[in-house]
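Engineer: I would like to see how this sequence folds:
(chains A and B)
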Amino acid sequence: MDPQVVPPVGASVPRVDGVAKVTGRARYLDDLDVPGAWHGVTVRSKVAFGVLDAIDLDADFDWSQVVVVTADDIPGTNTILAIEEDQPALVRVGGRVMHVDEPIALVAAPTRALAFEAARHVHPRVRALPPVLTIDDALAKKQLLYKDDNVYKELWIRKGHTTDAEVDAAFARAHQVIEGTYATSPQEQMYIEPQAMLAEWRDGRCHIVGSMQCPYYVHKAMKPLLGLAPQDVVITQSVTGGGFGGKEEYPSMIAAHVALLAAKARRAVKIVYDRDEDIAATTKRHPCRTHHRLAVDERGEILAIDVDVVMDGGAYLTLSPVVLSRGVLHAAGPYRAPIVRVRGRVVATNHPPHGAFRGFGAPQTTFAYERQMQKLARARGEDPLAVRRRLALRSGDTTATGQVLGFSVGTDEVLAAIERVAGPAPAREGVGPTGSPVRRGRSVCFYFHGAGFTGSGEQRLAGRATVALAADGTFEVRSSSTDIGQGAITMFTQIAAASLGVDPSLVSVVDPSTALVPDSGPTVASRTCMVVGGLVDQGARAVRAQLEAWASEHGLAGRPLAEIARARAARTELGELAHTVQYEPPPGIEWDDATYTGAAYPVYGWAACLVDVAVDLDTYEVAIERCVQAVDVGKAINPTIVRGQIEGGTLQALGWAVLENVVYKDGRVANANMTNCIVPTFADAPELETILVEVPYPFGPGGAKGVGEIPMDGPAAAVANAVEDALGAPFDTLPISPEAVGSTRPAWRLA
Amino acid sequence: MKITMEVNGAAQTVEVSPWRRLLDVLREDLRLTGTKEGCGEGECGACTVMLDGEAVNSCLVAAGQCDGRKVTTVEGLADGEMLHAVQKALVACGGAQCGICTPGIAVCAAHLVDRGLVRGIGAAGDDTSARAQVRELLAGNICRCTGYQLIVDAVIAAAREVAGTRGGDR
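Structural biologist: Okay, the predicted model is just below:
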């Protein structure tokens, strides 16, 4: 093949799985035809906190057609292994029930209807205790839910000081102090395919297939639970209808359940959650309260930043320490400051565990610091974009953890991109679509997002990926990175094809199954393209080099690689030609977990966002009339797919800002259905303007760095800032619902 | 009860409870799994099919209502391997990501495009009004991946292509 016709990295080729998805041929878990598979249903707690005294089965129900599983049926350790082992797969009799909708028993039956019917005849008897449902009650230790203080994790960042007195002194000599408390709400991922998993035992091995982001996370969790050796658990991802973090850790829970049911029923069992159940029982974005103080001098330079972050982790530790870590590491924002103090805590409550959701702690703290920058601009009468340009981090500056920024800092580029397209601010007063008077406002925000795992996480993970020559002379990419809609398959195909110098039709990406692919690390943290794509790039280059070397030894030098590949593949006696690459951090990237200093991330994405809003003065609705995002992605491997990522994340952020919310009542999700737990529709969404900025990351494939999460971080603050611009009153709590807008009416200052 | 429907152009007779959801008849009895269930309460639109030329949430339609009627699912949009203009455009414009909402959107959008319900699509020029119409007309289909932008692009592109083959501005 002539290398000229290989689409380069940077071409918007159509997605590899596009036709299967638009024709309905793509098979998601619930579409798989598994003859004889039974249906599983989960019996859950109705109380938020208590002790499970017994599980009663109605004596007059016919139990002969169903199987019932309780904690007693667990062959190994009753734990969903994540960071700690505190969360059981099923509450045991005598154990503590920690949240509403916690799994207590499982039922499987030949039909879904019978399984639901049987589940109604299983009655957990729980002795209720007073639950802990607020951050303050957790800190006050109203009940002890976790160790002796209810704090899952406490983290500190200290820059430019060794004692608190030095921070106090900086605030004492400040010309101005900007201070506020910011609260963000829990948010439901609302992937449109509910959680779904199927298990089957064959030849003594447990095969689990399902909707998930991280097959090796499930694999790691199943081994102790089932008491099996690694090779006796096989985890395979099915086509997955969205994840956004919601299918990062939670699938291990459902995998445990189907595996236990399938063992007892001696046949395949699947669990597909109802939407209501999915919203009520699975993880959400951590609600968060952030107290933020800025000390500035007469010239408006920042003297010190002091932040106190507290997140509600819910009933088990799950991934909360790492969510907190990312929140804390972003809490000072992308701004220069000689002194930074950040304290972060994540606490235990009796809410269902909060977990991974795109942004992973950063959107919460970004909301706080970008509200603060807006208040600083207003206090100084300075243009909102100008204040950010003046204070923003650039190459050569140090972050809150003392990381000296070098390459790929797109600050000036993203700010310039926004300025270029901003145009004049819209008219202050106007009339909305329903004839009501509206007030308009405009604002911007500027933000960053660390790409890849935090600190030394990537070294610890040591992710691997393989590029191999297949038996038919085509090429295979083997990695455990899943395509959850973000385009991983297409992107890997493009990277491998470009690095091999062959047509993309000769490259296939192997379905992620722990039996077939190495552990590339989880599909999270904006790392799939940057980290695993980088491994694919290196693997493809190595395979190409090996093939070219073989060709020159066999008189095929200079022939097209596809031809060499076919010739080499035909020589089956030579064995498989494959190359596996393991992640190595870029030089100079060092992190100290004990002191929280050093390079928190190998590189950051940078972004700026402009939002125009119109607030209806009769209904108090906030309409987002314009939203522009400029995002430095290093290099867009597939610009259309990258745009899709940014726009999807942007709308999740705009939804979080004005209309999404998960309402807890006595520890229970009160709006556990799509009618009341709303997300933006076509009609709610503004036209989204996306500007791709490319300041290459030298260690990413083609210069690419993370893009998945960054669009989620900033827009909520931009909306709040624009509403403040419209009404002259601060909006420091999400969501900025009509009720929230109306309640501030006495404070409006309509200029 | 015995129910006969024309599904994607072929007569299908099934023996089912009249209360069974059309969604389940399609997915389980007829194994047409392209139609998806996202919420089961008529909010997300993933189960959208055409029933006698009208877009419906098949999770809210009882099988008993479907006797003698015509149903079109996503499997009925393409002509063999020839994709419908909307399907082609969704692939070309990046309008499908995770793909779970895509069948419902494709069915609904194909209907809009085929019937010329998106007005004011010229050969080129200002699509502002047409885009606003698409957003209203597809508001019953929720997508969580795309932010809708590239889906609207795709529907406009398909409407333009279909309008072009008909030889005129609609």
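Engineer: what pLDDT does the closest residue to residue A:231 other than its chain neighbours get?
Structural biologist: Counting by Cβ to Cβ, 6 or more residues apart in numbering or on different chains, the nearest residue to residue A:231 once its immediate chain neighbours are dropped is residue A:205, at 7.6 Å. Just so you know, the C-beta spots here come from the backbone N, C-alpha and C atoms, and that holds for glycine as well. The predicted local distance difference test score for residue A:205 is 97.
Engineer: who touches the residue of chain A found nearest chain B in this structure?
Structural biologist: In chain A, no residue comes nearer to chain B than residue A:24, which is 2.0 Å away by Cβ to the nearest Cβ. By Cβ atoms under 8 Å, 6 or more residues apart in numbering or on different chains, the contact list for residue A:24 reads B:32-35, B:73-75, B:103.
Engineer: and chain A, which of those residues reach it?
Structural biologist: Contacts with chain A within the contacts of residue A:24, as defined by Cβ under 8 Å from any Cβ of the partner chain: B:32-35, B:73-75, B:103.
Engineer: so which of these is the most crowded?
Structural biologist: Within the ones next to chain A among the contacts of residue A:24, neighbour counts (other Cβ atoms under 10 Å in any protein chain shown) peak at residue B:103, which reaches 32 neighbours.
Engineer: where does that residue fall, helix, sheet strand or coil?
Structural biologist: Judged by DSSP: H, G, I helix; E, B strand; the rest coil, the three-state class of residue B:103 is helix.
Engineer: In contact with the closest residue to it other than its chain neighbours, which residues?
Structural biologist: If you skip the residues right next to it in sequence, residue B:103 has residue B:74 as its closest partner in space, 3.6 Å away by Cβ to Cβ, 6+ apart. Contacts for residue B:74 (Cβ under 8 Å, 6+ apart) come out as A:22-24, B:34-35, B:102-104, B:106-107.
Engineer: Among the residues you listed, name the ones in strands.
Structural biologist: Among the contacts of residue B:74, none falls in strands (DSSP state E).
Engineer: Tabulate those in CSV, adding columns for distance to residue A:16.
Structural biologist: Supplementary listing: these in CSV, determined by distance: Cβ to Cβ, whole Å:
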residue, distance to residue A:16
A:22, 13
A:23, 14
A:24, 17
B:34, 19
B:35, 23
B:102, 15
B:103, 18
B:104, 22
B:106, 18
B:107, 23
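Engineer: On the three-state scheme, residue A:337 is what?
Structural biologist: Per three-state DSSP, residue A:337 ends up coil.
Engineer: got any ranges where the chain has weak pLDDT?
Structural biologist: Since you didn't name a chain, this refers to chain A. A:1-5 (pLDDT under 70).
Engineer: think we crossed wires, I meant chain B
Structural biologist: Per-residue confidence of chain B (counting by pLDDT under 70) places the weak regions at B:123-124, B:167-170.
Engineer: which residue is nearest the middle of chain B?
Structural biologist: Within chain B, one residue has its C-alpha closest to the average C-alpha position: by Cα atoms, centre = their mean, that is residue B:107, at 1.2 Å.
Engineer: looking at it, that residue is touching residue B:55, isn't it?
Structural biologist: Yes: with contact defined as Cβ atoms under 8 Å, residue B:107 counts as touching residue B:55 (6.9 Å).
Engineer: shared neighbours, the two?
Structural biologist: B:48-49.
Engineer: circling back: so which of the contacts of residue B:74 sit within helices?
Structural biologist: Secondary structure of those is defined by DSSP state H; positions in helices are A:22-23, B:102-104, B:106-107.
Engineer: Among these, which one lies nearest to residue A:447?
Structural biologist: Nearest to residue A:447 among those, counting by Cβ to Cβ, is residue B:102 at 30.9 Å.
Engineer: and the nearest residue to that closest one once chain neighbours are set aside, which of the three is it?
Structural biologist: Spatial nearest neighbour of residue B:102, chain neighbours left out: residue B:96 (4.4 Å); criterion: Cβ to Cβ, 6+ apart. Three-state assignment for residue B:96 (three-state DSSP): coil.
Engineer: Can you name the residues that contact residue B:96?
Structural biologist: A:15, A:18, A:21-22, B:90, B:102.
Engineer: Chain B contacts on the stretch 1-150 of chain A?
Structural biologist: Selection of the stretch 1-150 of chain A residues close to chain B by Cβ under 8 Å from any Cβ yields A:12, A:14-15, A:17-28, A:30-31, A:33.
Engineer: Got a quick PyMOL command for the buried subset of these?
Structural biologist: In PyMOL, this line selects whichever of these come out buried by 16 or more other Cβ atoms under 10 Å in any protein chain shown:
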select buried, chain A and resi 12+14+15+17+18+19+20+21+22+23+24+25+26+28+30+31
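Engineer: In helices only, show me the residues of the stretch 1-150 of chain A next to chain B.
Structural biologist: Under the assignment DSSP H, these contribute A:18-23 to helices.
Engineer: Please identify which pair of these lies farthest apart.
Structural biologist: Distance extremes for those: the farthest pair is A:18 and A:23 at 9.5 Å, using Cβ to Cβ.
Engineer: Counting neighbours, what do you get for residue A:728?
Structural biologist: 16.
Engineer: and residue 45, how many neighbours does it have?
Structural biologist: Using chain A here. Residues within reach of residue A:45, counting by other Cβ under 10 Å, total 23.
Engineer: Let me rephrase: I mean chain B.
Structural biologist: Other residues lying near residue B:45 total 27 when counted by other Cβ under 10 Å.
Engineer: do you know how far it is from residue A:25?
Structural biologist: When distances are taken as Cβ to Cβ, to the nearest Å, residue B:45 and residue A:25 turn out to be 20 Å apart.
Engineer: try residue A:466
Structural biologist: In this structure, residue A:466 and residue A:25 are separated by 28 Å, where distance is defined by Cβ to Cβ.
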